[in-house]
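Participant: I'd like to go over a predicted model; first the sequence, then the structure.
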Amino acid sequence: EVQLVESGGGLVQAGGSLRLSCTASGFAFDDYVIGWFRQAPGKEREGVSCISNSDGFLYYVDSVKGRFTISSDNAKNTVYLQMNSLKPEDTALYYCAAGGIVSFKGRDYRYWGQGTQVTVSS
C-alpha cells in the first residue's frame, strides 16, 4: 500500500521555524520526485519545493527561496522541509506528493499525502 505521511505542522509566530516531514512507503522512493505543495483557504494549490531523489535536483518557488530548505534521507524514505522566517502568508495546509518528473503541477504527481496544517500568527 502506497502511503505518504506528513508531520511537523503546527502554530508558530511570524519569524519562527517549523520542519515538516514526509515519510513514504509502498513505492520505489529513490526513483521519485517528492514535492511539497500548499493550499490556503480560498486559494489555489501551489507548489513550494521539490527534490529529485535520483539526482538530488532541488527547486523552490520564489516566495520561499532563502527561507525554506528541502532535503531527503533516502535511507529513511523521508523528505524534510525546513521552514525558517515564517510569515503569516505561509499559512496553509501543506501536502507532500510523489511523481516522476520535477514539476510544480499537481497533475504530474501520482501519490499524495493527507496534509499537515501550518499556521503562522502575526
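Facilitator: Done, it's in.

Participant: Look up how far Ala98 lies from the residue nearest to Ser121 when sequence neighbours are not counted.
Facilitator: Sequence neighbours aside, Gln13 is the residue nearest to Ser121 in space, at 5.4 Å (criterion: C-beta to C-beta, 6 or more residues apart in numbering). Just so you know, the C-beta spots here come from the backbone N, C-alpha and C atoms, and that holds for glycine as well. Plainly put, Gln13 is 32 Å away from Ala98 if you go by C-beta to C-beta, to the nearest Å.

Participant: Ok, Lys65 next?
Facilitator: When C-beta to C-beta is the yardstick, Lys65 and Ala98 sit 23 Å from each other.

Participant: got it, and Ile70?
Facilitator: Between Ile70 and Ala98 the distance is 14 Å, computed by C-beta to C-beta.

Participant: Enumerate the beta-bridge partners assigned to the residue nearest the centre of the chain.
Facilitator: By C-alpha atoms, centre = their mean, the mean C-alpha position of the chain lies nearest to Trp36, the distance being 2.4 Å. As for beta bridges, Trp36 partners with Ser49, Cys96 under DSSP bridges.

Participant: In this structure it contacts Thr69, no?
Facilitator: No. Using C-beta atoms under 8 Å, Trp36 is not in contact with Thr69; the gap is 11.1 Å.

Participant: before we move on, back to that, run a quick neighbour tally on the residue nearest to Ser121.
Facilitator: 10 (other C-beta atoms under 10 Å).

Participant: circling back to that earlier point, shared neighbours of Trp36 and Thr69, anything?
Facilitator: For the pair Trp36 and Thr69, residues contacting each of them under the criterion C-beta atoms under 8 Å, 6 or more residues apart in numbering are Leu81.

Participant: For the chain, give me the ranges with low pLDDT.
Facilitator: When residues are selected by pLDDT under 70, none of them lie in the chain.

Participant: Now do the phi/psi pair for Asp31.
Facilitator: phi -90, psi 0 (degrees, to the nearest 10).
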